[in-house]
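Undergrad: sequence unknown, structure follows:
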């Protein structure tokens, strides 16, 4: 799946930034492919981008409009359907990461047909995947993994990719979720793949590559989540990571939507991930710990990172706040051959 | 999904018993629901059951015909399609565990419509499942797990269920694969569920039950299989097993279709499964080891079982050869409260 770019970000009449994660992700990580935002009357979320209605966006070069916000309840409200149809009529394809397929709304399907525009449902797998085999592939791979869901695996992978490329290292971000796919323009919606093929889909996502090329793979879920651990396991096995970064939120004591399930200590989490990953890569290792320190004042955040780094003999980073360079330094020193 | 019974077993013109696993499984474990077999000219596989063409099977009370054999290449050969249509015309529903849906063959879909018969694709999920939560459910659960695929998890679960019921214990076999579903008449085709919902599907499969009722859950895959481990992990977490039986083939050194991946020692395998299962049931434990000793002479098999039992301080059984009673004895002594 290659998404037509550049894009217009649709944020409807959203009032809560938390529902606009996709829009913020694209602004932050694929800003060069974004021409502007389209907000309907009443919107309280503002990305700080040029305000463009569909026709103006087309004039500015836009090829598609991304639904940048998750509607409450999951279904598109009627006035958003009208907006999507207006964008189609103006000449834009539509990109959505919602569970409900765009074409399931008759007005959208009909308008797309009439204007010969395409509908991209990035959460729907567009191809069949094989069963994973664990056969070694050339090239190097780093996977971000987590003690929980939703604590920075995607941002960490994007920040590491950016820091590596800034140093001239061949590195490719590999997306496994809807926002990541929109940012990268391609990827595998791993949580929508049939269970037997998750590991094989992950193998497909990071194919054989030059010996010193790094795929930086976006993690999904957590092996400590009672609902999603199977997805994480398939991703770890299929990714065959040479290196892993553990993502962790020091404020959380339990899995975020499962308060009866405790989050294990960092060293226990790393031991479990290494044991798991060794099935397809005996040499796997952690190269950094990525902490989400957003709840802490800067001095406290720096103190925490120093302490965690010392305790585990690994760089501890908050890539959003202080960059990912320490992790890249460690990666390069651990894998000289491949850097 | 409830399959209409009794059934006629269709084995086409199969020449290899290994392709007829579903037919043998139904004969061995649901024989009271089988009226006979239907073999086409050239068949070399013989279940030793009455030979009945569809009309005769209907006269004998049959409600459906089960495709008891996996065609080479996965697609139904043309002369099998004719046979299926003959069965539909005679008044039988059709039950299939193939990847290809029956209705995808136009002649079958059309004949079923004309004769108002139903097509049951047991490998296709018939409902949506929730995301797993890990919330504790009432009732007791035993799960069979394996060091590899295809080494006796289904037969062990069936044998344990039978041995428990023979002692008057409330026990229900819970099927997770196509043959198991046909034997039980219901279940979840776990390998066909979308990855995010495997654990939730497993939770649905063994719902809350009376405190002393045992669900005996058919295992799938292995955490040591590079392709299928994610399915196994979701099943373990969703099953919340109080007890597990490790299934193992002492002849195998590597995963059966992945010769580059070694099978770990029994104690290592049990440690890994316990660690995994503790996420949703802190009290989980192994109650037996089930060995497939079919390659050994009987005295050697008995010697091996004694040795393995002594090494791991657990009953070691070959349920097909010597029964499952030792495992049930251990289960009862470990869980007096619930027995």
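TA: Cool, the structure landed. Source: prediction; values computed, not measured. Numbers count the residues shown, from 1 in each chain, chains lettered A, B, ... in the order given.
Undergrad: how about the residue sitting furthest away from the middle of chain A, what does it touch?
TA: Most distant from the centre of chain A: residue A:114, at 33.0 Å, with distances by C-alpha atoms, centre = their mean. Neighbour list for residue A:114: empty [criterion: C-beta atoms under 8 Å, 6 or more residues apart in numbering or on different chains]. Where C-beta positions appear, they are placed from N, C-alpha and C, glycine not excepted.
Undergrad: and it, how far is that from residue A:93?
TA: Here the distance between residue A:114 and residue A:93 works out to 14 Å (C-beta to C-beta, to the nearest Å).
Undergrad: how about the nearest residue to the residue nearest to the spatial centre of chain A, chain neighbours excluded?
TA: Nearest residue to the geometric centre of chain A (C-alpha atoms, centre = their mean): residue A:180, 3.3 Å. For residue A:180, the nearest residue in space outside its immediate sequence neighbours is residue A:218; the separation is 4.6 Å by C-beta to C-beta, 6 or more residues apart in numbering or on different chains.
Undergrad: stretch A:94-112 and chain B, are they touching?
TA: No - contact of stretch A:94-112 with chain B is not found when judged by C-beta under 8 Å from any C-beta of the partner chain; the minimum separation is 10.1 Å.
Undergrad: ok, and what's touching that stretch?
TA: A:3, A:7, A:22, A:64-67, A:70-71, A:74-76, A:81, A:84-85, A:87-89, A:117-124, A:178-179, A:181-182.
Undergrad: buried stuff in it?
TA: Within stretch A:94-112, the residues that qualify as buried are A:94-98, A:102-103, A:105, A:108, A:111-112, counting by 16 or more other C-beta atoms under 10 Å in any protein chain shown.
Undergrad: how far out from the middle of the chain is that stretch?
TA: Mean-position distance between stretch A:94-112 and its chain equals 22 Å (C-alpha atoms, centre = their mean, to the nearest Å).
Undergrad: what does the stretch 151-300 of chain A have sitting close to chain B?
TA: Near chain B, when you scan the stretch 151-300 of chain A using C-beta under 8 Å from any C-beta, you find A:190-196, A:198-200, A:223-224, A:226-234, A:237-238, A:258, A:260-261, A:272, A:275, A:279-280.
Undergrad: let's see which of the residues you listed end up in helices.
TA: Among these, DSSP state H puts A:198-200, A:229-234, A:237-238, A:272, A:275 in helices.
Undergrad: let me have these in TSV, extended by pLDDT.
TA: Compiled in TSV, those are given as follows (pLDDT from 0 to 100):
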residue	pLDDT
A:198	97
A:199	98
A:200	97
A:229	98
A:230	97
A:231	97
A:232	98
A:233	98
A:234	98
A:237	98
A:238	98
A:272	98
A:275	98
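Undergrad: out of these, which is nearest to residue A:247?
TA: Closest approach between those and residue A:247, by C-beta to C-beta: residue A:232, at 11.9 Å.
Undergrad: let me see the contact set for the nearest residue to that closest one once chain neighbours are set aside.
TA: In space, residue A:232 comes closest to residue A:221 once its chain neighbours are excluded; the distance is 4.2 Å by C-beta to C-beta, 6+ apart. By C-beta under 8 Å, 6+ apart, the residues touching residue A:221 are A:146, A:149, A:191, A:228-229, A:231-232, A:235.
Undergrad: any idea whether the closest residue to chain B within the stretch 1-150 of chain A is helix, strand or coil?
TA: Taking C-beta to the nearest C-beta, chain B has its nearest neighbour within the stretch 1-150 of chain A at residue A:134, 2.9 Å off. Here residue A:134 takes the coil state, with states given by DSSP: H, G, I helix; E, B strand; the rest coil.
Undergrad: circling back to that earlier point, quick check, pLDDT for the residue farthest from the centre of chain A.
TA: For residue A:114, the pLDDT comes out at 98.
Undergrad: just the element for it, please.
TA: Using DSSP states H and E, residue A:114 sits within helix A:106-115.
Undergrad: just confirm residue A:250 contacts residue A:305, I think it does.
TA: No - under the criterion of C-beta atoms under 8 Å, residue A:250 is not in contact with residue A:305, lying 9.7 Å apart.
Undergrad: hmm, back to that, per-residue pLDDT, the residue nearest to residue A:232?
TA: 96.
Undergrad: remind me which helix or strand it belongs to.
TA: Applying DSSP H and E, one finds residue A:221 in no helix or strand.
Undergrad: need the contact list for the closest residue in space to residue A:40 that isn't next to it in sequence.
TA: With C-beta to C-beta, 6+ apart as the measure, residue A:13 is the residue that lies nearest to residue A:40, at 4.4 Å, once sequence neighbours are left out. Residue A:13 is in contact with A:39-43, A:79, counting by C-beta under 8 Å, 6+ apart.
Undergrad: recalculate using a threshold of 6 Å.
TA: A:40, A:42-43 (C-beta atoms under 6 Å, 6 or more residues apart in numbering or on different chains).
Undergrad: follow-up on the earlier one: helix or strand right after the helix holding residue A:114?
TA: strand A:119-121.
Undergrad: buried ones among the residues of the stretch 151-300 of chain A next to chain B?
TA: Judged by 16+ other C-beta under 10 Å, buried ones among these: A:190-196, A:198-200, A:223-224, A:226-234, A:237-238, A:258, A:261, A:272, A:279-280.
Undergrad: thinking again about what came up before, who wins for most neighbours among the contacts of residue A:13?
TA: residue A:43 (16 neighbours; other C-beta atoms under 10 Å in any protein chain shown).
Undergrad: wait, a strand at that one?
TA: No - per three-state DSSP, residue A:43 lies outside any strand segment and is coil.
Undergrad: find the nearest non-adjacent residue to it, please.
TA: In space, residue A:43 is closest to residue A:13, 4.8 Å off (C-beta to C-beta, 6+ apart).
Undergrad: again with residue A:254
TA: residue A:262 (5.5 Å).
Undergrad: checking residue A:87 next. Helix, strand or coil?
TA: helix.
Undergrad: didn't it look like it was pressed against residue A:54?
TA: Yes - between residue A:87 and residue A:54 there is a contact under C-beta atoms under 6 Å: 4.2 Å.
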